[in-house]
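Novice: Got a predicted model here, sequence first, then my questions.
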Amino acid sequence: MNSEVSPATEGRRRRLSISWQHVVLAIILLLALFLRLWQIETLPSGLAHDEAYNGLDALTLLEGGTFPIFYEGWELYAEEAHQNLPIRNTQLPPFFEGNYGREPATVYLMAASIWLFGPTLIALRIVPAILGVLAVLGTYLAATALLASSTHSGGVNKPPAESPLFILAPLLAAFTMAILYPAITFSRYGVRAMAFVPLETLTIYCFWRGIQASEKSARQRNGQATFQALALGDFNPRWFFVAGLSLGLGFYTYAAARFLPVLFVVFISYWYWRDRTVLARQWANLGVMILSGFMVALPLFVFLFRHPYYMIQRSRVVANRGEGTHPGQPWLTWLSNIGRVGAGLIIKGDTNLRHNLPGRPFLDPIQAILMVAGLGGIIWRHFQLREIFLIFWLAIMLLPGILSGDAPHFGRLIGIMAPIAILLSLGAVWVADLVYERLVGRSDHVIIVIGSILMILFMFSATIATRDYFQIYAGKPELADAFQLSDWQLGQYASTLPDEAIVYLTPNQQKMATIYYALGGQRDRLRSFHSPQDSLTPAGQPGQESIFLIRPSAESVFDRLTKLFPGGVVDRSAPSFHAFWLTGDGEGLAYTNGSDLSWGGAIALQDWQAESSGDLLKVTLTWQAIVEMARDYTVYVHVLAQDGSLIAQSDRLPDGYPTGDWQPNEVVTDVFEVALPENLQSGRYRLQSGFYYLPTLERLGEPLVLGEIEIP
């Protein structure tokens, strides 16, 4: 083993070594691809709101729409974000403001995916899946650059790069990233978190490759091998320029990326404190990295400067919302979160079903032990410079989780995946090397045996992750609700309905993104209503097919529809909703007191009916919209004496379906209950009705006398 070998033989060995590493890396990448794509269209079942919202923005990009755009009416924070600032419309935004604001990289990638695959579920989820595979490759590259031998202080404890088992470390890091449970979860969930990791690892890789290039230049110039001499490199900006580009692009991926520059500030400060002469010749290279990163991120910086709401207010909300927060005492929240995040790594993890198998720690027991071993090895080697960088990397990327109100939030801990994977690989190599050093017959065969044992250990860890995700997690009955399967099914059903049909949904809901995306972004396709008093029913347009999609919580709507339209067809084939079909040429509403009157030429009175029972008068009004209305009008029903004096009244908006939602020619019927005075004398009374706009009390047309009624 120690005999002389020729340069040709050594070169051949090196080429063979590289070859088998690449084969193993390819196998790991294929494993990662399998774990991220297998059953991705059905696991998780459904499409969560945040995924669908990204898809809607991607569809708008492809359609050439203008931003900002908000797909759901509850997003009132947009008014606060734009107060005192004019809205700047653009087709290529540096930041998407809907859904509380999101970095744009994932949405742009999803737009490209939808262009290739159409507006499908897999078009959204394949983006984080591919990014998850790139994260595995990036972790391998970052490990090869970060753990490269050359920067140790010459102590008695050799760095891991001098171990014959060190060659396994980058591969073990890549394998860990491939099987890490949170990495699998967020690679199969169409949100933006996973987009950060490939750029994070690329930044680390290029930074240390730049340092290596500088060291090589210094070695060639000085012919010395000391750490101080090696660091006095020439100006060699190529790798630092790419590191800056990836650092700047990272800002467009996820909020956790804002912490990555802190890593370099802390590490360079430490390096400067440790030996400022060593760092002196790197300032020009670092300047290139800073400048290129700043220029790439500048459009986003400008946007956040103009709209600090998305930088400050959103962060404040995140830090003060969720379990474990201490309102008004952020420092107390953060201190308690240190323990919560630490426990989340090895004891009890994120409880959000969309992020994790609830309560499962970030690491399985094998991974937790190897992480501790990695830390022990770093201490044993007296904190080599690059290992200190690794510790800083892990600590800094823990901050987004520590500063979150609902810690441990695994999405906000996305940045720790790569440093933990590398730390695990160091732990495995260090433990294996301790065993190797104590064996009498050290040889290449022994290395192969130890390496095989390590792979078996890591494969067992992979089995745990696979079981936890594809069996236990997949079997969770709550998964369908967490990923809004019922909304996805309803939207898919609606997408198959005839284009000319009017489609109603009840009850309405705040979050509609999943349904809208299933409809291919056709937000105007659905007309939502919810009648809390079970009094209002939209009846479509005469001569046009109408279809009602009714949730189980609005089952009473069926009773009203079957009474109004006995010839309607009921479809109960879907488990999460029922459909009621009205054919355009079928039976329409039966009118008792037909009318050709209207209010201001905007709303026509089609029919009215009145029925008294004791001290209660029920008045059924049927209207037809003539024009589209921008205002939500209040309706009033007055009971008048023969001399015109007011006896009783009821004023309210149409029940759960305001006039601003009515479409031209649409028919709507609503039942008003008017409380009559006690001891009201029997006799004939007049009914009067009309519309007014409550904020200004402006009337829509003139009041109409419907007719006379007999009150016994």
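Specialist: Structure received.
Novice: Nearest the middle, which residue of this structure would you pick?
Specialist: Val191 (3.2 Å; C-alpha atoms, centre = their mean).
Novice: Can you tell me the SS state at the nearest residue to it once chain neighbours are set aside?
Specialist: Excluding the flanking residues, the one nearest Val191 by C-beta to C-beta, 6 or more residues apart in numbering is Asp50, at 5.2 Å. From N, CA and C alone the C-beta is placed, and that goes for glycine too. Under the three-state scheme (DSSP: H, G, I helix; E, B strand; the rest coil), Asp50 adopts helix.
Novice: Around Asp50, how many other residues sit close by?
Specialist: 19 (other C-beta atoms under 10 Å).
Novice: show me what contacts the closest residue to Ile87 other than its chain neighbours?
Specialist: Spatial nearest neighbour of Ile87, excluding adjacent residues (C-beta to C-beta, 6+ apart): Pro68 at 6.6 Å. By C-beta atoms under 8 Å, 6 or more residues apart in numbering, the contact set of Pro68 is 78, 87, 89, 93, 96-98.
Novice: one more time with 7 Å
Specialist: 87, 97-98 (C-beta atoms under 7 Å, 6 or more residues apart in numbering).
Novice: now swap in Leu536 and tell me
Specialist: 529, 654-657, 668, 670.
Novice: and of these, the nearest to Thr463?
Specialist: Phe529 (50.6 Å; C-beta to C-beta).
Novice: how about the closest residue to the closest one other than its chain neighbours, secondary structure?
Specialist: Spatial nearest neighbour of Phe529, excluding adjacent residues (C-beta to C-beta, 6+ apart): Tyr657 at 3.9 Å. Each residue gets one of three states, and Tyr657 gets coil by three-state DSSP.
Novice: Doesn't Gly660 belong to a helix?
Specialist: Yes: under three-state DSSP, Gly660 sits within a helix.
Novice: So, low pLDDT: which residues of the stretch 51-200 of the chain?
Specialist: Applying pLDDT under 70 to the stretch 51-200 of the chain flags residues 149-164.
Novice: Same question for the stretch 201-350 of the chain.
Specialist: For the stretch 201-350 of the chain, the ranges with pLDDT under 70 are 217-235, 278, 313-329.
Novice: all helices of it, in order?
Specialist: 227-231, 238-250, 260-274, 276-279, 283-306, 313-319, 330-346 (DSSP state H, counting those that start in this stretch).
Novice: Can I get those helices in a markdown table including distance to Glu437?
Specialist: Formatted as a markdown table, these follow (distance: least, C-beta to C-beta, whole Å):
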| stretch | distance to Glu437 |
| --- | --- |
| helix 227-231 | 25 |
| helix 238-250 | 35 |
| helix 260-274 | 29 |
| helix 276-279 | 31 |
| helix 283-306 | 37 |
| helix 313-319 | 48 |
| helix 330-346 | 28 |
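Novice: Can you say which of those helices is packed in most?
Specialist: Of all the helices of the stretch 201-350 of the chain, helix 238-250 has the most neighbours on average by mean count of other C-beta atoms under 10 Å, namely a mean of 23.
Novice: follow-up on the earlier one: so what's the residue count around the residue nearest to Phe529?
Specialist: 24.
Novice: OK, contacts around it?
Specialist: So Tyr657 contacts 529, 536, 538, 668 (C-beta under 7 Å, 6+ apart).
Novice: any idea which helix or strand carries the residue nearest to the third one when sequence neighbours are not counted?
Specialist: So the one you mean is Pro538. Once flanking residues are discounted, Pro538 sits nearest to Val668: 5.1 Å by C-beta to C-beta, 6+ apart. Element membership of Val668 [criterion: DSSP states H and E] is strand 667-675.
Novice: Run through the neighbouring helices and strands of that strand.
Specialist: strand 616-625, strand 634-640, strand 646-652 (3 or more C-beta pairs under 7 Å, 6 or more residues apart in numbering; DSSP states H and E).
Novice: now what about the second one, what contacts it?
Specialist: The list of residues contacting strand 634-640 from outside it, by C-beta under 7 Å, 6+ apart, reads 617, 619, 646-654, 672, 674, 685-692, 694.
Novice: Give the rounded mean pLDDT of that strand.
Specialist: Strand 634-640 carries an average pLDDT of 97.
Novice: could you check the angle strand 646-652 makes with that strand?
Specialist: For strand 634-640 against strand 646-652, the angle by axes from the mean of the first three to the mean of the last three C-alpha atoms, to 10 degrees is 160 degrees.
Novice: Could you list the alpha-carbon positions for strand 634-640 in PDB?
Specialist: What follows is strand 634-640, C-alpha atoms only, in PDB (Å, rounded to 0.1, in the frame of the first residue of the first chain):
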ATOM      1  CA  THR A 634     -79.800  47.000   0.400                       C
ATOM      2  CA  VAL A 635     -83.400  45.800  -0.200                       C
ATOM      3  CA  TYR A 636     -86.300  47.100   1.800                       C
ATOM      4  CA  VAL A 637     -89.800  45.700   2.100                       C
ATOM      5  CA  HIS A 638     -92.400  48.100   3.700                       C
ATOM      6  CA  VAL A 639     -95.900  47.300   4.900                       C
ATOM      7  CA  LEU A 640     -98.000  50.400   4.500                       C
END
